[in-house]
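In: pasted the sequence and its predicted model underneath.
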Amino acid sequence: DAKTTQPTSMDCAEGRAANLPCNHSTISGNEYVYWYRQIHSQGPQYIIHGLKNNETNEMASLIITEDRKSSTLILPHATLRDTAVYYCIVRVGGNKLVFGAGTILRVKS
Amino acid sequence: GAVVSQHPSWVICKSGTSVKIECRSLDFQATTMFWYRQFPKQSLMLMATSNEGSKATYEQGVEKDKFLINHASLTLSTLTVTSAHPEDSSFYICSASVSGTDTQYFGPGTRLTVL
């Protein structure tokens, strides 16, 4: 599965949109982009995934560039409870999830 | 939907004893369940993949005789840490895939402390 690159940490003001980038320049045509987050001392929480079209659900939006080499997870109105480590994972369906270091998002009031 | 539970949420045991951790999919059937381990300030590391009714597949470096996995039904998988030692102290997390999909849903984790 393709490797991903994420910033180590980001800060966001409460109530503002949090935009978390992820680079996956070696992604192949059948690999999906998955996003999970992990709040301290809890199990990871599934957020969203997509193949090539932009996706939106009740938690977030996923914007994938046309060449699929990068994507952005958008939390439209960040709250303090969104403070967590966010993982961007690229994988072929059915393959195991490989977690990198992720991005530490700190939402501040 | 897609809720996964783990029991216990934390456990403290003496060195040399065995500890069993349960992972249950509460509102769906899971053909495949996964066990991860996370040490402090590190990311999750996959230990093994278990399929209902068959033997688990272990990742390289994970001792299958030490970490016994049983996936006896479509809603329950267990991980038994045998002869636990202090270096086995960690956060153990399971996940399950909804049958027919590839999305994994994670349990809340079990913190194991071996004295």
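Out: Here it is on my side, so go on. Numbers count the residues shown, from 1 in each chain, chains lettered A, B, ... in the order given.

In: from now on I want contacts and neighbour counts done on CA atoms only, so please keep to that.
Out: Will do.

In: if I look at residue A:30, how far off is residue A:52?
Out: For residue A:30, the distance to residue A:52 equals 10 Å [Cα to Cα, to the nearest Å].

In: hmm, I typed the wrong one, I wanted residue A:45.
Out: Separation of residue A:45 from residue A:52 (Cα to Cα) stands at 22 Å.

In: I'd like the next helix or strand past the host helix or strand of residue A:85.
Out: Using DSSP states H and E, residue A:85 maps to strand A:84-92. Using DSSP H and E, the helix or strand that follows strand A:84-92 in sequence is strand A:103-108.

In: tell me which strands and helices that following strand is in contact with?
Out: With contacts taken as 3 or more Cα pairs under 8 Å, 6 or more residues apart in numbering or on different chains; DSSP states H and E, strand A:103-108 sits against strand A:9-13, strand A:84-92.

In: distance from the chain centre to the first one, please.
Out: Yep, that's strand A:9-13 we're talking about. Its chain's C-alpha centre and that of strand A:9-13 lie 14 Å apart, by Cα atoms, centre = their mean, to the nearest Å.

In: give the rounded mean pLDDT of it.
Out: Average pLDDT, strand A:9-13: 97.

In: the last one too?
Out: Here strand A:84-92 scores 94 as its mean pLDDT.

In: strand partners (parallel or antiparallel) of that strand?
Out: In the sheet, strand A:84-92 lines up against strand A:31-38 (antiparallel), strand A:103-108 (antiparallel) (DSSP bridges).

In: next, give phi and psi for the residue nearest to residue B:40 when sequence neighbours are not counted.
Out: Excluding the flanking residues, the one nearest residue B:40 by Cα to Cα, 6 or more residues apart in numbering or on different chains is residue B:90, at 7.5 Å. Dihedral pair for residue B:90: phi -170, psi 180, per degrees, to the nearest 10.

In: bridging residues for residue B:90?
Out: Residues in beta-bridge contact with residue B:90 (DSSP bridges): residue B:112.

In: just checking, it touches residue B:84?
Out: No - checked against Cα atoms under 8 Å, the pair residue B:90 and residue B:84 is beyond contact range at 11.1 Å.

In: for chain A, which residues are neighbours of chain B?
Out: Residues of chain A found near chain B (Cα under 8 Å from any Cα of the partner chain) are A:41-46, A:93-94, A:97-101.

In: go ahead and confirm residue B:45 touches residue B:37.
Out: Yes - using Cα under 8 Å, residue B:45 makes contact with residue B:37 at a distance of 5.3 Å.

In: if you count surrounding residues, which of the two has more?
Out: residue B:37 (21 against 18; other Cα atoms under 10 Å in any protein chain shown).

In: ok, that one to residue A:104 distance?
Out: Residue B:37 is 19 Å from residue A:104, by Cα to Cα.
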